[in-house]
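1. this is a predicted model, with the sequence first.
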Amino acid sequence: MNENSPQSIRFQSNRVTLIALAAITILAIGISIYCLSSGYFIIFQNLFYIPIIIACVYYTRRGFVFSCIIACIYFVLTIAFTRDSVTILQALVRVLIFILVAAVITYLSLTRKKVEETLQQQHDHLEDLVLERTTQLEEDITERKRVEVELAKYRDHLEKLVGERTQGLATANERLQELDRLKSLFIASMSHELRTPLNSIIGFTGILLQGLAGPLNEEQQKQLGMVNSSSKHLLALINDVIDVSKIESEKIDLIIEDFDLSRLITEVKSSFEVAISDKGLLLHIDKPDKCTIRSDERRVKQVIMNLVSNAVKYTDKGATKIKLFQADGKVKIIVTDSGIGIRAKDMPKLFEQFSRIILEGQDIREGTGLGLYLSQKLAGILGGEIRAESQFGKGSDFTLTLPMEYKGV
Amino acid sequence: MKKILVVEDNDKNMYLMNFLLTKKGYQVIKAETGEKGVELAIKEKPDMILMDILLPGIDGYEAIKRIRESETDKKFIIVAVTSYAMTGDRERILKVGSNGYIEKPINPETFLLEIEKFLK
């Protein structure tokens, strides 16, 4: 490392400099001796110092040896050119001083060189370190760039994927909306088409049953009664399907007005009187004389009718009860029955669509499987809710809570 | 004898209403389209008009509107006969100028009672 340093290369390999130095030295010695013997200015007698000092500075130890040799040559030549003992003594003193000076300079040069070398070493070490770090950084940067490119590739790929998926979803969504629209349209027109013949069936069986078209025998009366009840069930089913379709396509129209809920419950009671007495049940009513609320009367009636209809349907003996009262700025209608009740495990399915809970050893009760689902949805639309509590085998409580005033949902 | 105009395109429904109404002793005038209904209303001046809403040609709303426009001194009793599916349009039925509505399917047990209520 030392030999490769720029300075050593400069001074060791440059022969021209060396030859020039030797020439200058010889010239300086010549002039010095000439000046010494001919008594010129003392400054010229010391000219030979210059190249020798240069040699000492740059060539240190070798320079010092070289200087000593030159000094000896100078002294020998001085003796050769002059016999004057004073001059010889002067030359001797000069040579001794010169050797001393050369030694000091050489020492200083050596020290300087050492310092320089140390500095150079440190410099080289630092340069190496910088180089190493630079290489490392370059490697890091390359790696980073590679990763960045890779990431960009992934990102582009992901963006493309997301774009494709979004497009796919949008198309699917459009198709679904179209299907939904078609479904609603289908149900609406089908329900109309289904209902038209049903109008005649219900109407004419009704006429026949009333005996308006002539007397019926007992069997005819019984069978026509079955036709009538089946057609009414079919009508209820169609009506429920229409309501579900309306609710699901959010096309339900509400007519909000003030009405007396107490009177409405009286109406509900009277429409169940036949069914209640047929089954030998009791229906108690517990309500204030007047209870005006602001809501959709028809829908509220539909929900209460459904709850009472269930209570009557699932109760074979005992009593059913409708209780109306106000609490916390809301109205509550509790429909209680002493019917078969609902198992705890069946409770979560209670308000689901088409979830008919079947019990072993029990007759399957006629129904659409939509009643409670619809009622709960309607109650929700009116800003209320239905809660059910039941003890299996003992009966159930269905509580409809409604706001006193409909305020939108 | 009270005169009742029935506007109904379905022949079976027409038969049903006609049967019940004549049984009770009303005189029934039949119209199968809205246009015919408007024409007969002006000509016959019935005591009551039973109007179906879904009709070929002009619908029940339009027919009621035209009948109301034709009125001079005599005010008709107009009752819309409409199916449950159309009850979302109850407000529209009333707004257009009918006195009320009877729901389809017609319940033979209550139909005549409702008619009497409107005629009072």
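-> On my side now, so go ahead.
2. how about the helices in the chain?
-> Chain wasn't specified; assuming chain A. A:6-13, A:15-38, A:42-45, A:49-81, A:85-209, A:218-248, A:261-279, A:297-313, A:371-381 (DSSP state H).
3. oops, wrong one, chain B.
-> B:11-24, B:34-44, B:60-70, B:90-95, B:108-119.
4. can you list those in JSON lines and add distance to chain A?
-> All C-beta atoms are positioned from the backbone trio N, CA, C, and that covers glycine. Shown next, in JSON lines, are these (distance: least, C-beta to the nearest C-beta, whole Å):
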{"stretch": "helix B:11-24", "distance to chain A": "4"}
{"stretch": "helix B:34-44", "distance to chain A": "18"}
{"stretch": "helix B:60-70", "distance to chain A": "14"}
{"stretch": "helix B:90-95", "distance to chain A": "6"}
{"stretch": "helix B:108-119", "distance to chain A": "3"}
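5. of all those, which lies closest to A:Asp253?
-> The stretch from the helices of chain B with the least distance to A:Asp253 (C-beta to C-beta) is helix B:90-95; that distance is 8.2 Å.
6. helices or strands next to that closest one in the packing?
-> Judged by 3 or more C-beta pairs under 8 Å, 6 or more residues apart in numbering or on different chains; DSSP states H and E, the packing partners of helix B:90-95 are helix B:60-70, strand B:100-104.
7. repeat the analysis, applying 10 Å as the threshold.
-> helix B:60-70, strand B:77-83, strand B:100-104 (3 or more C-beta pairs under 10 Å, 6 or more residues apart in numbering or on different chains; DSSP states H and E).
8. name the nearest residue to residue 66, sequence neighbours excluded.
-> Defaulting to chain A. In space, and not counting its chain neighbours, A:Phe66 is closest to A:Ala55: 5.3 Å by C-beta to C-beta, 6 or more residues apart in numbering or on different chains.
9. actually, chain B is the one I wanted.
-> B:Val38 (4.7 Å).
10. what do you get for A:Cys72?
-> A:Val95 (7.4 Å).
11. quick one on the thing from earlier: so how many other residues sit close to the residue nearest to A:Phe66?
-> Residues lying near A:Ala55 (other C-beta atoms under 10 Å in any protein chain shown) number 26.
12. contacting residues for A:Pro215?
-> A:Gln221 (C-beta atoms under 10 Å, 6 or more residues apart in numbering or on different chains).
13. tell me which helix or strand in the chain has the weakest average pLDDT.
-> Chain wasn't specified; assuming chain A. helix A:6-13 (a mean of 48; mean pLDDT, DSSP states H and E).
14. actually, chain B is the one I wanted.
-> Per mean pLDDT, DSSP H and E, helix B:90-95 ranks last in chain B, at a mean of 77.
15. dump that one to PDB, restricted to CA.
-> Taking Å, rounded to 0.1, in the frame of the first residue of the first chain, the C-alpha atoms of helix B:90-95 are listed here in PDB:
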ATOM      1  CA  ARG B  90    -106.600   4.500  -2.000                       C
ATOM      2  CA  GLU B  91    -105.600   8.200  -1.700                       C
ATOM      3  CA  ARG B  92    -105.700   8.500  -5.500                       C
ATOM      4  CA  ILE B  93    -109.100   6.900  -5.600                       C
ATOM      5  CA  LEU B  94    -110.500   9.300  -3.100                       C
ATOM      6  CA  LYS B  95    -108.700  12.300  -4.600                       C
END
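16. mind listing what's buried along it?
-> Buried positions in helix B:90-95, judged by neighbour count with 16 or more other C-beta atoms under 10 Å in any protein chain shown: B:Arg90, B:Ile93.
17. surely A:Gly280 meets A:Val312?
-> No. Counting by C-beta atoms under 10 Å, A:Gly280 stays clear of A:Val312, with 11.4 Å between them.
18. out of these two, which sits in the busier spot?
-> Neighbours were counted for A:Gly280 and for A:Val312 using other C-beta under 10 Å; A:Val312 has more, 19 against 9.
19. and for the more buried one, nearest residue in space, chain neighbours not counted?
-> That would be A:Ala275: by C-beta to C-beta, 6+ apart, it lies 5.4 Å from A:Val312.
20. for the nearest residue to A:Phe392 once chain neighbours are set aside, what are its contacts?
-> Leaving aside its chain neighbours, A:Phe392 sits nearest to A:Gly341 (4.3 Å; criterion: C-beta to C-beta, 6+ apart). A:Gly341 sits next to A:Tyr314, A:Thr315, A:Leu359, A:Glu389, A:Ser390, A:Gln391, A:Phe392, A:Gly393, A:Lys394, A:Gly395, A:Ser396 when contact means C-beta under 10 Å, 6+ apart.
21. taking those residues, please make a PyMOL selection of just the buried ones.
-> Applying 16+ other C-beta under 10 Å to the contacts of A:Gly341, the buried members can be selected in PyMOL as follows:
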select buried, chain A and resi 314+315+390+395+396
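22. list the residues that contact the residue in chain A positioned nearest to chain B.
-> Chain A approaches chain B most closely through A:Gly206 (3.4 Å), counting by C-beta to the nearest C-beta. Neighbouring residues of A:Gly206 by C-beta under 10 Å, 6+ apart: A:212, A:224, A:228, A:231-232, B:16, B:20, B:105-111.
23. run the last query once more with 8 Å
-> By C-beta atoms under 8 Å, 6 or more residues apart in numbering or on different chains, the contact list for A:Gly206 reads A:Asn228, B:Asn107, B:Pro108, B:Glu109.
24. could you break chain A into its assigned domains?
-> Listed domain ranges for chain A are A:6-134, A:254-403 (source: automatic domain parsing).
25. which of these has the lowest mean pLDDT?
-> Across those, domain A:6-134 has the smallest mean pLDDT, namely a mean of 76.
26. report the distance from that domain to the chain centre.
-> 79 Å (C-alpha atoms, centre = their mean, to the nearest Å).
27. how close does the most far-flung residue of chain B relative to its centre sit to B:Glu39?
-> Within chain B, B:Asp73 marks the point farthest from the mean C-alpha position, 19.9 Å out by C-alpha atoms, centre = their mean. Here B:Asp73 is placed at a distance of 19 Å from B:Glu39 (C-beta to C-beta, to the nearest Å).
28. coming back round to it: go through the contacts of A:Gly341 and say which is closest to A:Arg144.
-> A:Glu389 (66.1 Å).
29. show me the beta-bridge partners of the closest one.
-> A:Asp397 (DSSP bridges).
30. B:Gly25 contacts B:Met1, doesn't it?
-> Yes. Assessed by C-beta atoms under 8 Å, B:Gly25 is found in contact with B:Met1 at 6.5 Å.
31. tell me how many other residues crowd residue 74.
-> Assuming you mean chain A. 22.
32. you looked at the wrong chain, it should be chain B
-> 8.
33. leaving out the residues flanking it, which one is nearest to it?
-> Going by C-beta to C-beta, 6+ apart, B:Lys74 has B:Lys45 as its nearest residue, at 5.9 Å.
34. tell me the spacing between that neighbour and B:Lys24.
-> 20 Å.
35. the spatially most central residue of chain B pairs with what?
-> Nearest residue to the geometric centre of chain B (C-alpha atoms, centre = their mean): B:Leu50, 1.1 Å. Following DSSP bridges, B:Leu50 is listed with bridge partners B:Val6, B:Val79.
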